[in-house]
Every structure is written in C-alpha cells, then in structure tokens.
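A.B. asks: Any chance you could fold what I've pasted below:
(chains A and B)
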Amino acid sequence: MNRQTLFRLASPSRDDLHVEGFRFSARGQENMTSVAIVAGINGHELAQMHAAAQLVNFLKEREASDPSFITGEILIIPAVNTFGFNMGERHWPLDKTDINAMFPGFDQGETSQRIAHHVFEQIKAVEWGIELEDRKDQYDCMPYLRLINSAFDARQAASYFGLQFAHLRDFVPADAGSLQYNWSVWGVKSFGLSFGVKQQIDNKTTNQVLDALIRFLAKVGAINNTHIFEGYATNIMTQDAITLVPAQHAGIFEARQPVGEFVKKGDLLGKIFDALDGRLKEKLYAPVDGMVTCCYHYPLIYQNTIAYRMISI
Amino acid sequence: MLETIFTIDLPVGEAYQLKRNRFVPAEAQDKNGKRISIIAGTHGDELEGIYVITLLAEWLKNNPDKICGTIDLYPSLNSLGIDSITRSVPFYQTDLNRIFPGQEQDTFPKQMAAGIVEAIKGSDIAIDIHASNIFLRELPQIRIADTYLDQLMPLAEQLNMDFIWVHDAITVLEATLAHSLNSLGTKTLVVEYGVGMRLTPSYGQQLLMGLFNLMAEQGILDITPQTVITPFCSTTGTVHYMNASDAGLFIPAIDHCQRVVKTQCVGHIHDPYGHRAPIPCLAPADGLLFTLREYPIVYEGSLIARLFEASA
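C.D. replies: Sure, this is the predicted structure:
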C-alpha cells in the first residue's frame, strides 16, 4: 500500500486541506484492471468514509500476509471534504458549495471547482469508478447501487456487488456536476453506492457494503478471489417498481417498519402525532405488497413528505 | 390584495405560506390583460429584491389608477431562510434555485418549488430578482441563457440595468426557477445586483425605475416610460475572471464598478500571520470591474473580481 497526499490546499488560518489516497498495485504486471473508490465528498458521509477506510485496512492486512493478493490497481479516497467532516458541515465550509456538483472541476475556477479538479485528475482514467454516497435528505436506505442510463450498460456489472437492488434511472440536470455522471462522460464504468443515514454509522450496513466492495474487486480481477459469500442476484429496479408512501400530515413521525422488511398491503408502516397536543393524526399503511427500502429517519416530519419507499416485483 | 397561495404544514405548530400581493386594475378601467410576476427571496441571504418589491408595493398602493394589468409581487419565496439569514432552505440545506420544477409530494423544498411554479406559471413576464451572495458585490445586471436570448433581450433592454450577461445554456441551470418558467412560456429575466445580507438603496431605485419603464412599455402601468440606461452586453466583448492565487485576507485597492487597465492592481491578498508578502491581484485586461469581492477571507480559487473587456 502506498499512502499519498493527492493534493493540498492552503487555508487562511487553519491547517491545510490535504486529501489522502491509498494505492494498492500488483507489482510487475501490465494491463491490469483499475478501480477508484471515492467517499466523503460531502462532510456528512461518515458511514461512507468509514466503509472506505475499513476497505483500506482489509486490503492492507491481506496484502501484508499475501503479496500476490492485489492483482490490479486500486485507489481509495476515504474523505475529500475533511474540513466539512471536522465541523459537521456537508458542503465546502466557506461558501457552502457542494463539491459533488463541481465535477469534472476547473483548475482556474472557484475553490470547490479546483478541489473537484484535483480529485478528478487522479481518477478520471480508471476502468471502474465507485462513488460511496449518502442521501442528501433524512432517510435510512438499504444499500443500493445508483445507475444512470449511459453508454455503459451497468446492469451486468452491477451484480458483481451482490447487493439486493440497483436503481436504474435516466439522467437528470442535477446529475451534471456529480462525480458518478462525469466518470461516465469520461468513459469510466461508474456506480454510485448509496447507503445509510447521513451523519451516522451503522456497523451492520458498513459490513454489508464492505463485503459488496470486496466481492466487486474480486469479480473484476483487482484482488485474488477471497473467501466471501456470493451475495444476492441483484434486482435492477426502475421507477415503475417503486411505490412512494407520503405523510399527509406534519408532526412527530413514528416509524413502525424497518428498512429491509417485507410487508403486505394494509400493514401499518408508521404513525404521525401532533407535536403539541399529542393526538394521533395519521396512520400510514402499505399500499402494496413489497419490501421497505427506504424510511424517513427523523422524528419531525413535514406535510406531504415521503415517509417510505417500497419496491415490488 | 394579499393572498396565501398555498401552505405546507411544518412539524411543530406552524405552516410555510407562499404569500402574494396582487394588484389589478379597478373594475371600470380597460384591462390590458398582461400579467407580470416580480419575485425575490429565493435565497434567504438576498435582501435587495425584497427592498425593491417593498418600494413597488407602496407605490402601487398609492397609485391604483395607474394599474392596467395584473401585477403579482412575491417578496419572500424562501421565508424560513429570510427570517434566519440562511441562503438555502433551512433544515434541508437545499438551494431552492437548483430543484425546480420541484415535486408535489416529496421533500419540503421540492414541494415549495412545485407550488411556486404552479403559482407563477401563466404570467406573461416574470422578473426574478437576486442579490449577489455575501462574498461578491455586483453591478446591476441581467443574466440570460442564450437559448432564450431573442425573446428576452427586448425586455432586458427596458429594465434599466447596466449589463446584460448572456451565458451558455448550462445543464445544471435547467433546475432554476427562471428556466422552468421560460420553458413554460413565461418570459423570465434574472436580475442580480448588490451584495448578500445588505441593501444597496441606489441600485434598488435604479431597478424600480426599470420596472416602471418595463411595465409602462408593456402596457401594465399607465405612466410615461422612463429614460433608462442603454446596457452593455457580454456578447460585445469578453468576461474575465480573477481568482485568488493563494489563501489569505483580500483587501481591495479600488472601488467596485471602476474601469481598470491591464495589470492595474485590484487589491492584495495578505497573509494574516505576516509571513508571506502581500500578493497583488492584477487586472488581466482593460475593462469594467463589474464584480468585486466583498468578503475578505479567500482560499485559492476564491473569486476576486470579474471584468468586462469590450471588443475593439
């Protein structure tokens, strides 16, 4: 393993921003597959940073015990916006710009464009790109792959992760500055792997994602086959398969079904109480048979907010 | 007529309200039929538009006999942000002007966006007023995506702004209110001037005269058109960007809106510890400094200034 400071950016007052990369490379081989895994572009992505760091540690330990374990080139960047992590800020702390809306970056542009540029220069020529990300809003979601329709048909390779679901959708304007989309523009076979709750770490989910990343690295030939479960035959879901369950009322939200649970039409999903007088304002029921994939994850809920997302086959 | 167009219940004893003050002609008068919407407060740290809408509302209230069309005033789209000095939609940290056209059943900001579009669509003209953010001070200007240049330029020239900046149709800007409204057939101009969290009353007066002129020219107000500035347009020259080459404290050497010559010093970036010599920021061309940094702390890349160089 080779730990590198990929770039530095001076601050007026505090320590420099230094973005660290961890490179693993098979020695003396040519035409190896190459993979970049990037997490922590936003400072709320604690679970994503942790999963990436755990992968660094796993690969380092396996490489130490077996020098032939690494068979490709792997670059892992656990955290880009370290300033954000250190002060609870999602975005670039000075101007609140979203670094993940600045790709491919611009070396003569604004600060967050330059950060995106420096990151992208390190990873734009890889064969495979994986962006670990949270959801911007307040949800707990099962780990799933985000696939954007592009020239690369990601459906087959999505199964390499062995996750239960991948969500395939068309490009939307908000994707234009994201790392995942810009990777695809540069011809990198890219995935978004979305999971967890922002600003929180759940060890069970972290381990699921760690397993999925190890499976992927083995399947594309970046590491030797290792002892790990095969995982799931990934279901590729489109919007048609997703059912939204909105809360008609605002108030205190009590979730009654966890993510990953299969429910039947009519099962109770959650309750909403008036925040001030405590009366029950609404019961939310499953409108279809299916699996709960995403649950609103905050005690206060706004009117008409999506409380649950379910998928049905 | 002050109206509440829609509400979204917040969790604890409050509702978000989109309020509109609508002015219409008195019954006996001829109706032009044109409808204009004047909008501010998409970003909670931008107050310049609220000020000019306040002035306009007071004038319309005192001059009902001059009104020939429908004039809708929306001073505070992101009311939670305005009342808490928050640029984005509070709690969600979402830039409201990057999620249009929104969605009726989704997050609170997307519901806001959907309701705002529903309220304004059908207007013939919309003026979406922005201040700059807290970092930059801007000359009064209008920003137009080149997709809509032909239909918007005649209106832009009536609005008494100094500069018309025509930019490429950037994909990410498809998520703005102006793009949504233009794509729905409402001719929408984006106005930007001043600085965040502050008022520049002289610029507010300048835009107010522009709004009077535009509404007179469009037959919405029965008043004599005003004499307005002939704006310069970015298509007749080049916009240059000056970004900080290092981190520090930027101290300008000249005032905003000055003409500068190439290599003239616009300001210096100082090292707060005094270890490094001040770095001069030199103008890259002859031109008008239409943007100048207001907030002194800079990182490498922070925008210092923009200047417009007219073609020879």
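A.B. asks: Please count neighbours and contacts with C-alpha atoms only from this point.
C.D. replies: OK.
A.B. asks: Spell out which parts of chain A neighbour chain B.
C.D. replies: Counting by Cα under 8 Å from any Cα of the partner chain, chain A comes close to chain B at A:9-13, A:108-112, A:114, A:137, A:173-177, A:246, A:249-252, A:274-276, A:300-306.
A.B. asks: if you set the cut-off to 6 Å instead, what comes out?
C.D. replies: Within chain A, the positions lying close to chain B (Cα under 6 Å from any Cα of the partner chain) are A:11-12, A:109-111, A:173-174, A:176, A:250-251, A:275, A:300-306.
A.B. asks: B:Leu155: helix or strand, and which one exactly?
C.D. replies: In this assignment (DSSP states H and E), B:Leu155 forms part of helix B:149-156.
A.B. asks: in that helix, what's buried?
C.D. replies: B:Leu152, B:Met153, B:Leu155, B:Ala156 (16 or more other Cα atoms under 10 Å in any protein chain shown).
A.B. asks: Next one: the first one relative to B:Asp124, how far apart?
C.D. replies: Distance from B:Leu152 to B:Asp124, counting by Cα to Cα, to the nearest Å: 12 Å.
A.B. asks: How about residues contacting stretch B:187-198?
C.D. replies: With Cα atoms under 6 Å, 6 or more residues apart in numbering or on different chains as the test, stretch B:187-198 has contacts from B:45-46, B:125-134, B:137-143, B:178, B:182, B:200.
A.B. asks: now stretch A:107-116
C.D. replies: Residues contacting stretch A:107-116 (Cα under 6 Å, 6+ apart): A:Ile99, A:Met102, A:Phe103, A:Gly105, A:Phe106, A:His117, B:Glu300, B:Gly301, B:Ser302.
A.B. asks: can you count the residues close to the last one?
C.D. replies: Neighbouring residues of B:Ser302 were enumerated by other Cα atoms under 10 Å in any protein chain shown; the total is 26.
A.B. asks: ok, now the first one?
C.D. replies: Summarising burial for A:Ile99: neighbours were counted as other Cα under 10 Å, giving 25.
A.B. asks: Same check on the third one?
C.D. replies: The number of residues packed around A:Phe103, counting by other Cα under 10 Å, is 25.
A.B. asks: Same question for it, what's its three-state structure.
C.D. replies: Three-state call for A:Phe103 (DSSP: H, G, I helix; E, B strand; the rest coil): coil.
A.B. asks: pretty sure it is touching A:Ala176, no?
C.D. replies: No: A:Phe103 lies out of contact with A:Ala176 (Cα atoms under 6 Å); the separation is 8.0 Å.
A.B. asks: show me the contacts for A:Phe273.
C.D. replies: A:Phe273 is in contact with A:Gly251, A:Ile252, A:Arg279, A:Leu280, A:Lys281, counting by Cα under 6 Å, 6+ apart.
A.B. asks: A:Arg215: which of those is nearest?
C.D. replies: When the contacts of A:Phe273 are compared for distance to A:Arg215 (Cα to Cα), A:Ile252 wins out at 40.1 Å.
A.B. asks: So what does the closest one look like in phi/psi?
C.D. replies: Backbone torsions of A:Ile252, given as degrees, to the nearest 10, read phi -90, psi 130.
A.B. asks: and A:Ser159, that one's in a helix?
C.D. replies: Yes: using three-state DSSP, the secondary structure at A:Ser159 is a helix.
A.B. asks: measure the closest residue to it other than its chain neighbours to B:Pro280 for me?
C.D. replies: Excluding the flanking residues, the one nearest A:Ser159 by Cα to Cα, 6 or more residues apart in numbering or on different chains is A:Thr234, at 5.1 Å. A:Thr234 sits 57 Å away from B:Pro280, taking Cα to Cα as the criterion.
A.B. asks: picking that back up, out of the contacts of A:Phe273, flag the one nearest to B:Val24.
C.D. replies: For these, the nearest to B:Val24 is A:Gly251 (38.1 Å; Cα to Cα).
A.B. asks: ok, the closest one - how many residues close by?
C.D. replies: 27.
A.B. asks: Report the contact partners of it.
C.D. replies: Residues near A:Gly251 by Cα under 6 Å, 6+ apart: A:Ile272, A:Phe273, A:Asp274, A:Ala275, A:Leu300, A:Ile301, B:Pro11.
A.B. asks: List the beta-bridge partners for the first one.
C.D. replies: When you say that, I think you mean A:Ile272. Under the criterion DSSP bridges, A:Ile272 forms beta bridges with A:Phe253, A:Glu282.
A.B. asks: Report the next helix or strand after the helix or strand of chain A with the lowest mean pLDDT in sequence order.
C.D. replies: The weakest-scoring helix or strand in chain A, judged by mean pLDDT, DSSP states H and E, is helix A:155-158 (a mean of 89). Remark: after helix A:155-158, the chain's next helix or strand is strand A:165-169, criterion DSSP H and E.
A.B. asks: picking up where we left off before, what about the contacts of stretch B:187-198, which are in strands?
C.D. replies: With strands taken from DSSP state E, the overlap with the contacts of stretch B:187-198 comprises B:125-131, B:137-143.
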